[in-house]
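Visitor: got a predicted model here, sequence first, then my questions.
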Amino acid sequence: MNKVILVGNLTRDPELSETPSGVAVCRFSVAVSRDYSNSDGTRDTDFFNVTVWRGRAENCGKYLKKGNKVAIVGSLQTRSYEDKDGIKRNVTDVVANEVEFLTPRSAQNDFDGQDHMGSGAVSATRERPQLEAIDDNQLPF
């Protein structure tokens, strides 16, 4: 079984793009603090590259920003490539099947100074963006 569950904060704005065949793909990285403190009394942080496909990718690109807290459920995928110097490199990514937006919209104003509710007024009720359901059998891996 290959299953990963992460809760952390985006370290940069998501990068939304399309494959040559028009499939949406969104990439971002997430910082996750460890549950325990090291010998200095501080918590170490791990950084994970995340890839999201199709409708979920479009929603992530539209609604997520650097600093937002997210929960990710997915799997690990390892790939290798040769860099410009001919050295073989291995990369491990988290391919997200589920992405839960944990930062309330009102808190997003603190990150980028913009009003995401569409007006200057603060609404008492906040709606979460709904992720589009996709058929896992259509994923390219």
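Guide: Yep, that arrived. Residues are numbered from 1 along each chain as shown.

Visitor: only C-alpha atoms for contact and neighbour calcs from this point on.
Guide: Noted.

Visitor: name the single longest helix found in this structure.
Guide: Within the chain, and with DSSP state H defining each element, the longest helix by residue count is helix 54-63.

Visitor: elements contacting the helix or strand that it is followed by?
Guide: Tracing the chain C-terminally past helix 54-63 and defining elements by DSSP states H and E, one meets strand 69-82 next. Based on contacts counted as 3 or more CA pairs under 8 Å, 6 or more residues apart in numbering; DSSP states H and E, the elements that strand 69-82 packs against are strand 4-10, strand 88-101.

Visitor: mind showing which ranges of this structure have poor pLDDT?
Guide: Low-confidence segments of the chain, defined by pLDDT under 70: 107-141.

Visitor: the longest helix of the chain packs against which elements?
Guide: So helix 54-63, by 3+ CA pairs under 8 Å, 6+ apart, packs with strand 15-18, strand 24-37.

Visitor: possible to save those as a markdown table with distance to residue 59?
Guide: What follows is the helices and strands packed on helix 54-63, written out as a markdown table (distance: least, CA to CA, whole Å):
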| stretch | distance to residue 59 |
| --- | --- |
| strand 15-18 | 10 |
| strand 24-37 | 9 |
